[in-house]
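> I'll drop the sequence and a predicted model, then ask my questions.
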Amino acid sequence: MATQIFVNLPVKNLSRSIAFFEALGYSFNPQFTDDKAGCLVISDTIYAMLLTEPFFKTFTKKEITDASKATEVIIAISVESKKEVDELVNKAFKAGGARSNDPQDYGWMYSWSFQDPDGHLWEVLYTDPAGPQS
């Protein structure tokens, strides 16, 4: 069985967050989605659990970071081409996401990033399978 990863993110408005990621073309697993959480399917083995802040607080004794003011993590996801990087980030902007960093083009690696409605940082990247050229 392949290892799965579940990134847990606190959100202020679950329905807004679900609508945002659906506008980017993602789906949600209804088995793990309710009024407190949405299970964003990124791939067959990678998920982001979007948890309402009160529900998120039940999993930690620490304060929740306000992602619109501070960064604790940058979620990086890969796509198949530079074109897909641009398409996904532009969808994020159109759906209400905010700009983060400008596109970075190193030839063999290309990335661009956005902030979701809660301020979480998402880096979208393409890397050439051949790697850097010397």
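Arrived safely, thanks for sending. Numbers count the residues shown, from 1 in each chain.

> Tell me the gap between the helix or strand hosting Ala19 and the middle of its chain.
Ala19 belongs to helix 14-23 when assigned by DSSP states H and E. Relative to its chain's centre, helix 14-23 lies at 11 Å (C-alpha atoms, centre = their mean, to the nearest Å).

> Would you mind listing the buried residues in it?
Buried residues in helix 14-23, counted by 16 or more other C-beta atoms under 10 Å: Leu14, Ser17, Ile18, Phe20, Phe21. (Glycine included, C-beta is placed from N, CA and C.)

> cool, stretch 6-16 as well?
Quick answer for stretch 6-16 (16+ other C-beta under 10 Å): Leu9, Pro10, Val11, Leu14.

> Look at Tyr47 and say how many residues are nearby.
If you count neighbours by other C-beta atoms under 10 Å, Tyr47 ends up with 20.

> Specify the local secondary structure of the closest residue to it other than its chain neighbours.
Using C-beta to C-beta, 6 or more residues apart in numbering and skipping the chain neighbours, the partner closest in space to Tyr47 is Phe6 (5.0 Å). Following DSSP: H, G, I helix; E, B strand; the rest coil, Phe6 is assigned to strand.

> my read: Phe6 touches Thr45, true?
No - taking contacts as C-beta atoms under 8 Å, Phe6 lies outside contact range of Thr45: 9.9 Å.

> mind pulling up the phi and psi values for Phe56?
phi -60, psi -40 (degrees, to the nearest 10).

> Skipping its backbone neighbours, what lies nearest it in space?
Pro10 (3.9 Å).

> List the contacts of that neighbour.
By C-beta atoms under 8 Å, 6 or more residues apart in numbering, the residues touching Pro10 are Leu51, Thr52, Glu53, Phe56, Lys57, Ile64, Ala67, Asp118.

> So which of these sit within strands?
In this view, these that belong to strands under DSSP state E are Leu51, Thr52.

> Among the contacts of Pro10, which one is most surrounded by other residues?
Busiest of those [other C-beta under 10 Å] is Leu51, holding 22 neighbours.
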